[in-house]
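Trainee: Any chance you can model this:
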Amino acid sequence: MCDILVATPKVTRDNIMLVAKNSDRDPNEAQILEVIPRQKPEEKSVRLTYVEFPQVRETYAVILSRPWWIWGAEMGVNEFNLAIGNTAVFTKEKIPEKGILGMDMIRLALERTKTAKEAIEFIINIIESYAQGGNGSYEHKMLYSNSFIVADPKEAWVLETAGKNWVAKKIESVYSISNALTIEDDWDLASESVERLAKKSNFSFVRYFSDWFYTHFAHGKDRRAFTYRKLKENEGKITLEYMMEILRSHSFESYSPEKGSMKDICMHYGGLTRPSQTASSQISELGKGMHWFTGTSLPCLTIFKPIFFETPLELGEKPTNKYNPNSYWWRMERFHRVFQTNYREYIREFSKQRDELQREIIERARRLQKKRELVKWAFELEKEFVEKWEKLIVPGRLPFLYGMKWRKVNESARLR
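Mentor: Numbering: from 1, shown residues only. Below is the predicted model:
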C-alpha cells in the first residue's frame, strides 16, 4: 500500500513543485536506495522483473528507491527533475501473472523521458501495447493495476489505469492518491475504450472499474481523504517540512503500533489485517532540484536525507529480505523494531529530537554546502542519533498476539 502527494508551484510557499511518497511493502521487503548515472547500454533489450523490453542507446541518470528483488522502482527522480511514483489499485480487470510491473514502468520512464507529459505518454504506450501485470509481491500473490503521479518542475499529472483502460488528469493545485481510483468523469485524457464507455450517461471511471472488496479493505479512500484534506488546508503555505509531517502521520493521537490501522500514512506492520509497512519515503523539491529520501522504513522513526546525482551513496551491502548488519536498511530496521517494543514510552521525546535534527539538516542544505560533504554529514548525524537512542531504549513487551506476529516476521528475516 502507498500514498503519494503533489503540490504545484501555485500552492507551495516557495512556488516550487513538491512531490512526496510513502512506499508500503511487506515488513521484510527491504528497499535499495541508489543513484544510477547516465549509461549507454550495448544490449538490444533489458530484462525487467518478469519480461524483456527493448533497450535504448542511452539512459538518463536516476535516483531510485526500489524493492530489493525488483528491477523497477517504487519511486524516483531523474536528472531532468522528473519524479514518478505509483500505487496499486484494485479493479475488476483481470491482470496477467506475466507482464510489466508499474514499478518497472516508473524506471523505464525515468530513464527515457524528460517531462511529465512525455512520461505519461510513454507509460500509456506501455499499458496499451503491452500487458501491465506480474506479481507485485515477493511474499505472496498480488496482481493489480496502477495509478501514477508524474511531475516535473512545471507540470504534474495523475494517471489511473484498469488493465488497458486509463484516464489522466492535469493537476492544477494539489492532489493525492492511495490504493483506490480517484478520477470520476473529470479527466483530460482517456483511452478509446473509456471514451466509448463515457458515452453512457452517469459514467464514472471509479465506479465502473473499482473492485469493491480489495479497495475497501486497503482503506485507500480513507488515506487519500486524509492526505488530500491536509494539502487543501494548507494551500499557499505548503513546504518541504509540511510534506514530511504528513508522511510521518498516523490516524489518531497517542498512537501505538499495535493499535494502528490501514488508515495510517506512516504505516506500521500489524499482521493479517495490516500486512504492510512503510519501507521507504521520498520528497522532491523539483523547482530546487533537491531530493530527500529516508532510505529506511517508518518515516516517524527516521530522518530525510538529501540525495544528489553527483554524490555516490555508501550504504553498505545491498539488502535482501534477510537481516544483514552490513546493510544500511537493515541496521536501521533493527533499531526500529526494538523501538516499537516500547513506542509510547519514547516517541514524544524522540520526535522532538528528530525534528530538531531534521531542521539542522534542512538549514545546512539550504546554504548549499558541498554536496558530497553534505550527504556524508547527514548520514553520519543520523547514525550518531540512532546510536544514542539505542543506548537509551529499554525494550518493552509487546501484547501477546502482536508479539507473536512480529516474532514470526523476525524469524523469517533471521533477525534475533
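Trainee: mind listing the strands for the stretch 151-300 of the chain?
Mentor: 156-162, 165-170, 174-177, 189-190, 277-285, 290-293 (DSSP state E, counting those that start in this stretch).
Trainee: Pull up the distance across stretch 49-58, start to finish.
Mentor: End-to-end distance for stretch 49-58: 20 Å, by C-alpha to C-alpha, to the nearest Å.
Trainee: starting at the chain centroid, how far to that stretch?
Mentor: 23 Å (C-alpha atoms, centre = their mean, to the nearest Å).
Trainee: Which residues does that stretch contact?
Mentor: 38-41, 43-46, 69-72, 98-101, 103-104, 108, 111-112, 130, 134 (C-beta atoms under 8 Å, 6 or more residues apart in numbering). Placement of C-beta: from N, CA and C, glycine included.
Trainee: Same question for stretch 225-233.
Mentor: Contacts of stretch 225-233 (C-beta under 8 Å, 6+ apart): 3, 5, 7, 11, 174-176, 178, 238, 246, 249, 251, 263, 265.
Trainee: Which of these fall in helices?
Mentor: residue 246 (DSSP state H).
Trainee: Closest to residue 388 out of the contacts of stretch 225-233?
Mentor: residue 249 (24.7 Å; C-beta to C-beta).
Trainee: phi, psi of the closest one?
Mentor: phi -90, psi 150 (degrees, to the nearest 10).
Trainee: cool, residue 131 as well?
Mentor: Torsion angles, degrees, to the nearest 10, at residue 131: phi -110, psi 120.
Trainee: Now do the nearest residue to it once chain neighbours are set aside: how many residues are near it, please.
Mentor: Once flanking residues are discounted, residue 131 sits nearest to residue 99: 3.9 Å by C-beta to C-beta, 6 or more residues apart in numbering. When neighbours are counted by other C-beta atoms under 10 Å, residue 99 registers 20.
Trainee: Hmm, residue 99 is touching residue 130, no?
Mentor: Yes: counting by C-beta atoms under 8 Å, residue 130 is a contact partner of residue 99 at 6.9 Å.
Trainee: ok, residue 66 - contacts?
Mentor: Residue 66 touches 31, 32, 34, 72, 73, 74, 76, 103, 107, counting by C-beta under 8 Å, 6+ apart.
Trainee: Ramachandran coordinates for it?
Mentor: phi -140, psi 150.
Trainee: separation between it and residue 75?
Mentor: 9 Å (C-beta to C-beta, to the nearest Å).
Trainee: what's the distance between the helix or strand of the chain with the lowest mean pLDDT and the middle of its chain?
Mentor: Ranked by mean pLDDT, DSSP states H and E, the weakest helix or strand in the chain is helix 212-218, scoring a mean of 81. Here helix 212-218 shows a centroid-to-chain-centroid distance of 20 Å under the convention C-alpha atoms, centre = their mean.
Trainee: follow-up on the earlier one: just the contacts of residue 66 now: which is nearest residue 387?
Mentor: residue 31 (22.3 Å).
Trainee: Give me the next element, helix or strand, following the host helix or strand of residue 24.
Mentor: According to DSSP states H and E, residue 24 maps onto strand 18-25. Remark: after strand 18-25, the chain's next helix or strand is strand 31-36, criterion DSSP H and E.
Trainee: quick one: strands adjacent to the following helix or strand past that following strand?
Mentor: Later in the chain than strand 31-36, the nearest helix or strand by DSSP H and E is strand 45-47. The pairing partners recorded for strand 45-47 under DSSP bridges are strand 52-54 (antiparallel).
Trainee: buried set for the strand it pairs with?
Mentor: residue 53 (16 or more other C-beta atoms under 10 Å).
Trainee: Test my guess that residue 183 contacts residue 169.
Mentor: Yes: using C-beta under 8 Å, residue 183 makes contact with residue 169 at a distance of 5.7 Å.
Trainee: Identify the contacts common to the two.
Mentor: Residues touching both residue 183 and residue 169 (C-beta under 8 Å, 6+ apart) are residue 158.
Trainee: higher neighbour count, the two?
Mentor: More neighbours surround residue 183 than the other of residue 183 and residue 169, with 21 against 18 (other C-beta under 10 Å).
Trainee: State the distance from the more buried one to residue 160.
Mentor: Residue 183 is 5 Å from residue 160, by C-beta to C-beta.
Trainee: show me what contacts the closest residue to residue 25 other than its chain neighbours?
Mentor: Nearest residue to residue 25, sequence neighbours excluded (C-beta to C-beta, 6+ apart): residue 279, at 4.2 Å. Listed by C-beta under 8 Å, 6+ apart, the contact set of residue 279 reads 23, 24, 25, 29, 30, 31, 67, 74, 297.
Trainee: try 7 Å this time
Mentor: Neighbour list for residue 279: 23, 24, 25, 29, 31, 297 [criterion: C-beta atoms under 7 Å, 6 or more residues apart in numbering].
Trainee: among the strands of the stretch 151-300 of the chain, which is the most enclosed?
Mentor: Mean neighbours per residue, mean count of other C-beta atoms under 10 Å, is largest over those for strand 277-285, with a mean of 28.
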